[in-house]
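[1] predicted structure and sequence below. I'll ask about it afterward.
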Amino acid sequence: MKSVFLSFLVVIVTVLSHPIAGKGIIYIDINSPQIRRFYLALPAIKDLGQLPQGMKEEVEKNLTQVLIISDLFYLMEKVKLPQQAVYVTEESVDFGAWGDAGAEFLLSVGLKAEGDAISIEFRLFDVVQGVYIAGKRYRGSQGEMRGMVCKMADEVIQQLTGERGIFQTKIAFVTDRTGNKEIALMDIDGRNEKMVTHSGSINISPAWHPDGRSLLYTCFQRRNPDLYQAFISTGSIALLSAAPGPNATPAWSPDGKRIALMMRGRDNTEIYLLNPQGKDPLQLTRSWDNKVSPAWSPDGKQIAFVSDRSGNPQIYILDLATRKLRRLTYEGRYNCSPAWSPKGDKIAFAREEEGRFHLYTIRPDGTDVKRLTKEGSNENPSWAPNGRHIAFASRMGGSYDIYIMTADGGGPWKVTTSEFNETEPAWSPWLQ
């Protein structure tokens, strides 16, 4: 009965010791132009009892990885920590010693085995101000340990910044590991992969619904690029649009009430809107050129897309209220794959240079163009819901893999490592 209970156990969260001190205080302002990394002390994780062999080291490795990807911290070397760098509680913390070592924040973590269950707890301190910030305990099965680490990292980030962390989100992507192109899901570190499609055909362009429960994608199973919707929890698939010609590069509006996509025009491709059921097509663009890859602004008032009206692919922005169109990119012979930041301040895109693609960001007014990538050929940028990270596909070796970088090009961190091609990442919204 105990094992059955654990198999259904949702992680139990307990606030440690007393209510959170300093609740509501922003310790790290991630929206500041002067944002920097902070020195975080992470002492060796404490074995609080009966841990399986290797678990402590695995948790420490996983926690270190996600804290580095957060791009908020310099993790201090263990040799620079105070000699008494052991499991720290509110009663035992010596803020003077940790401050002398150069720490700005201190994260103390303990692990304990309780039969088939594992508990992990943390205490977070502001060393500079000399205060305890927060502490929580998570309890679940051993198989849920990775999820508890991600939940803990997200809680630490939210306590310090006031904004949610990204480590419980997912990335959808296209893989050719079956010999066809199918869509799969994974955690943002590449773990817990799950196939979404099994059509034995070509499935491309995954796009998340704003509620995180389903994906749009294009499938060629019926010998036409049709639009489908896949529901993550049930595995069910719905055909939304099978209009002759492409029903491709879909994108949900931020409110989930409209779908923008590329469909056939008279002698070209145009940008259309559909309702959530794939009906009532509304043509947004009307001209001789081809248009592709619509990307919504976070407020739902504008759509960026790619057009070849200038003779080569460039990015344009359409105002939905006025239907006024303006050109965004002017440099480069091939600009594609626009992706609007959730913060609204930047648009990421790919530009071809000397036979390879590199990723850039540009402000919606056309200023502040910045190149983010340095090596390989890089495509399909997709923003994390926090607007601070970007997933993308890159060929730095023999095949394409999914990588993550910060919005200013920091990193990157390789996510997938198979010999197959993994492309077209789509970062999920916040998941419930």
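    Perfect, I can see it now.
[2] quick one: residue 134 is in a helix?
    No - assessed with DSSP: H, G, I helix; E, B strand; the rest coil, residue 134 is strand; it does not lie in a helix.
[3] from residue 159, how far off is it?
    Residue 134 is 5 Å from residue 159, where distance means CB to CB, to the nearest Å. Where C-beta positions appear, they are placed from N, C-alpha and C, glycine not excepted.
[4] and the two? Which one has more around it.
    Under the criterion of other CB atoms under 10 Å, the comparison of residue 134 against residue 159 puts residue 159 first, with 24 against 21.
[5] return the distance of whatever helix or strand the more buried one lives in from the chain's centre.
    Assigned by DSSP states H and E, residue 159 belongs to helix 145-161. Chain-centre distance of helix 145-161: 15 Å, with CA atoms, centre = their mean, to the nearest Å.
[6] after that helix, which helix or strand is next? Please name it.
    In the C-terminal direction from helix 145-161 (assignment by DSSP H and E), the next one is strand 170-175.
[7] list of residues touching that next one?
    Applying CB atoms under 8 Å, 6 or more residues apart in numbering, the contact partners of strand 170-175 are 181-188, 196, 203-204, 206, 208, 212, 215, 382, 391, 393, 402, 415-416, 418, 420-428, 431.
[8] make it 7 Å
    181-188, 196, 203-204, 206, 208, 215, 391, 402, 420, 422-428, 431 (CB atoms under 7 Å, 6 or more residues apart in numbering).
[9] what strands line up against that strand, and which way round?
    strand 182-187 (antiparallel), strand 422-427 (antiparallel) (DSSP bridges).
[10] domain parsing for the protein?
    Following automatic domain parsing, the chain resolves into domains at 2-161, 170-427.
[11] just give me the lowest mean pLDDT stretch among these.
    Sorting the domains of the chain by mean pLDDT places domain 2-161 lowest, at a mean of 84.
[12] among the domains of the chain, show me which one is buried the most.
    domain 170-427 (a mean of 18; mean count of other CB atoms under 10 Å).
[13] how far is it from where the chain is centred?
    Relative to its parent chain, domain 170-427 has a centroid offset of 14 Å by CA atoms, centre = their mean.
[14] number the residues from 113 up from this point.
    Fine by me, first position is 113 from now on; the one you just mentioned is domain 282-539.
[15] need the contact list for the one residue sitting closest to the centre of the chain.
    By CA atoms, centre = their mean, the mean C-alpha position of the chain lies nearest to residue 496, the distance being 3.5 Å. Contacts for residue 496 were tallied using CB under 7 Å, 6+ apart; they are 278, 281, 539.
[16] got the contact list for the second one?
    Translated: residue 281. Residues in contact with residue 281 (CB under 7 Å, 6+ apart) are 300, 496-497, 539-540, 542-543.
[17] switch the cut-off to 10 Å
    Shown in contact with residue 281 (CB atoms under 10 Å, 6 or more residues apart in numbering): 262, 266, 299-300, 320, 324, 496-498, 501, 503, 539-543.
[18] done for today, thanks.
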